[in-house]
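K.L.:
Sequence first, predicted coordinates after that:
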Amino acid sequence: MTSIHEIFFQPSQKMDSIIDESIDLIVTSPPYPMIEMWDGIFSKQNPEIQEFIDKDDGFNAFQLMNKELDKIWDECYRVLKPGGFACINIGDATRTIGKNFRMYTNHSRITEYCEGIGFQSLPVILWRKQTNAPNKFMGSGMLPSGAYVTHEHEYILIFRKGAKKDFLTVEKEQRRKSAYFWEERNVWFSDLWELKGIKQNILDSRSRKRSGAYPFELAFRLINMFSLIGDKVLDPFLGTGTTMLAAMASGRNSAGFEIDENLFDTIYESMINSRENLNARQRSRLTEHQEFIARYRIDKKKEPKYFNENLNVPVMTRQEVALDLMIIDEFVKIDHRKFEVQHSSCPPLSGISF
């Protein structure tokens, strides 16, 4: 199979190149309002934001920053198919403006707006980025009323556009191929994920110095949880391209919007150097499943009831018998913003007998 991946170097407030109701899944992480590293980006959209910050008016700066994001959420709702999902990774912000330290609750502000335009909220995932640093506690230490609890988690907000999707007959087989393993379901659909944050090198010195990228595993899980092989995934804040890489690894099509064209070299280098790692992540799913089955046999002293012939492994449920894992065979650059990826099914691991 072939997947297509397109990058649009333009603001995502108007995603005119994406037609109405053509996107199956949105996975993204916007600049976080009231995180200082993003002040410049927001102020370019609305100079009044910086004026409020300079006047120590954090509340109104927060509101105006989120109003800029509201324009993108409107576009996300327009392009998403009925029954499609939007997964938004967002963190709240702690900041001192003037002499006032407080929390700015981005997740609740975005939830309120998205529900207002028609999205339905589903249970959220807490992404816990634990740190063992001895100075992680905020405030003045051991004196009452002077310290604050740690702030070590972000939110993955999950919205659906309208009611639950009814799959057509022609889609049902693709849905079966896109299944995940039983034991993956038990981890992925927990409401608490503990994943390490990442640091990414940005190649172009003209671009921003820091990356706000989430880890590949976060996007990879969400894409496999909420879309089918061959679906189209959108990231309106593409950044260094993590969502696009996860879509490639999973056999999905993708589109991404990024306002900083200087990030192209970083994105492109990630793509052309990623094939081995992306395929390794898919193969690791099979390896981990085989290890799970081996433990199951020892612990339960019995065999699983079902068998997946595509991967030559026992599986726990009937829903897993057609599960297929896509790997990347070839990566082709069509032009400055468009890429084609050739996929095939992951072969069973050699030397394993079931």
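P.N.:
Happy to help now that I have it.
K.L.:
separation between the spatially most central residue of the chain and E112?
P.N.:
Geometric centre of the chain, nearest residue: A219, 3.2 Å, by Cα atoms, centre = their mean. Applying Cβ to Cβ, to the nearest Å, the value for A219 to E112 is 25 Å. All C-beta atoms are positioned from the backbone trio N, CA, C, and that covers glycine.
K.L.:
Please apply the same query to I19.
P.N.:
28 Å.
K.L.:
From the chain's centroid, how far away is stretch 147-167?
P.N.:
A distance of 11 Å separates the centroid of the chain from that of stretch 147-167, by Cα atoms, centre = their mean, to the nearest Å.
K.L.:
do the same with stretch 65-81
P.N.:
That offset, for stretch 65-81, works out to 16 Å (Cα atoms, centre = their mean).
K.L.:
repeat for stretch 98-107
P.N.:
Taking Cα atoms, centre = their mean, one finds the center of stretch 98-107 at 25 Å from the center of the full chain.
K.L.:
if I pick the closest residue in space to D324 that isn't next to it in sequence, what's in contact with it?
P.N.:
Excluding its sequence neighbours, the residue lying closest to D324 (Cβ to Cβ, 6 or more residues apart in numbering) is K177, at 4.4 Å. Contacts here follow Cβ atoms under 8 Å, 6 or more residues apart in numbering; on that basis K177 touches 228-229, 322-324.
K.L.:
per-residue confidence at K177?
P.N.:
Per-residue confidence (pLDDT) for K177: 97.
K.L.:
same deal with the one 4 residues further on?
P.N.:
You'll see F181 listed with a pLDDT of 98.
K.L.:
Surely the residue nearest to the centre of the chain forms part of a helix?
P.N.:
Yes - A219: assigned to a helix according to DSSP: H, G, I helix; E, B strand; the rest coil.
K.L.:
How about it: what's its closest non-neighbour residue?
P.N.:
Looking at A219 with Cβ to Cβ, 6+ apart, the closest residue is A246, at 3.8 Å.
K.L.:
And N89, by the same measure?
P.N.:
Nearest non-adjacent residue to N89, counting by Cβ to Cβ, 6+ apart: S29, 3.9 Å away.
K.L.:
right, and the one you found touches L222 too?
P.N.:
No - contact criterion Cβ atoms under 8 Å: S29 and L222 do not qualify, at 10.8 Å.
K.L.:
between the two, what contacts are shared?
P.N.:
Joint contacts of S29 and L222 (Cβ under 8 Å, 6+ apart) do not exist.
K.L.:
Looking at the two, which is more packed in?
P.N.:
L222 (26 against 22; other Cβ atoms under 10 Å).
K.L.:
Quick check: the more buried one is in a helix.
P.N.:
Yes - applying three-state DSSP, one finds L222 inside a helix.
K.L.:
who touches it in this structure?
P.N.:
25, 27, 87, 156, 246.
K.L.:
do M65 as well
P.N.:
Taking Cβ under 8 Å, 6+ apart, one finds 33-34, 38, 42, 49 in contact with M65.
K.L.:
quick one, helices of the stretch 101-250 of the chain?
P.N.:
106-116, 169-177, 182-188, 216-226, 242-250 (DSSP state H, counting those that start in this stretch).
K.L.:
Need the winner for burial among the ones you listed.
P.N.:
helix 242-250 (a mean of 27; mean count of other Cβ atoms under 10 Å).
K.L.:
Can you list the helices and strands that that one packs against?
P.N.:
strand 2-8, strand 23-28, helix 216-226, strand 232-235, strand 253-257, helix 264-272, helix 275-300, strand 326-335 (3 or more Cβ pairs under 8 Å, 6 or more residues apart in numbering; DSSP states H and E).
K.L.:
in the next helix or strand after the second one, what's buried?
P.N.:
In the C-terminal direction, the helix or strand that comes right after strand 23-28 (DSSP states H and E) is helix 39-45. For helix 39-45, burial by neighbour count (16 or more other Cβ atoms under 10 Å) applies to 39, 41-43, 45.
K.L.:
what does stretch 326-335 give?
P.N.:
Buried, per 16+ other Cβ under 10 Å, within stretch 326-335: 326-328, 331.
K.L.:
so what's F220 closest to, chain neighbours aside?
P.N.:
In this structure, F220 finds its nearest non-sequential neighbour in A246, 4.3 Å apart by Cβ to Cβ, 6+ apart.
K.L.:
got the domain boundaries for the protein?
P.N.:
2-263, 277-345 (automatic domain parsing).
K.L.:
How far does the first one sit from its chain's centre?
P.N.:
Chain-centre distance of domain 2-263: 7 Å, with Cα atoms, centre = their mean.
K.L.:
Same check on the shortest one?
P.N.:
Computed by Cα atoms, centre = their mean, the separation of domain 277-345 from the middle of its chain amounts to 20 Å.
K.L.:
That one - what's its average pLDDT?
P.N.:
95.
K.L.:
cool, and stretch 213-228?
P.N.:
96.
K.L.:
C-alpha coordinates for that stretch, PDB please?
P.N.:
Output in PDB follows, covering the C-alpha atoms of stretch 213-228 (Å, rounded to 0.1, in the frame of the first residue of the first chain):
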ATOM      1  CA  ALA A 213       7.500  18.200  20.500                       C
ATOM      2  CA  TYR A 214       5.800  15.400  22.400                       C
ATOM      3  CA  PRO A 215       7.400  11.900  22.300                       C
ATOM      4  CA  PHE A 216       6.800   9.700  19.200                       C
ATOM      5  CA  GLU A 217       5.100   7.100  21.400                       C
ATOM      6  CA  LEU A 218       2.400   9.500  22.400                       C
ATOM      7  CA  ALA A 219       1.400  10.200  18.800                       C
ATOM      8  CA  PHE A 220       1.900   6.600  17.700                       C
ATOM      9  CA  ARG A 221      -0.500   5.300  20.400                       C
ATOM     10  CA  LEU A 222      -3.200   7.800  19.600                       C
ATOM     11  CA  ILE A 223      -3.100   7.200  15.800                       C
ATOM     12  CA  ASN A 224      -3.400   3.400  16.400                       C
ATOM     13  CA  MET A 225      -6.200   3.900  19.000                       C
ATOM     14  CA  PHE A 226      -8.400   6.200  17.000                       C
ATOM     15  CA  SER A 227      -7.800   5.600  13.200                       C
ATOM     16  CA  LEU A 228      -7.600   2.800  10.600                       C
END
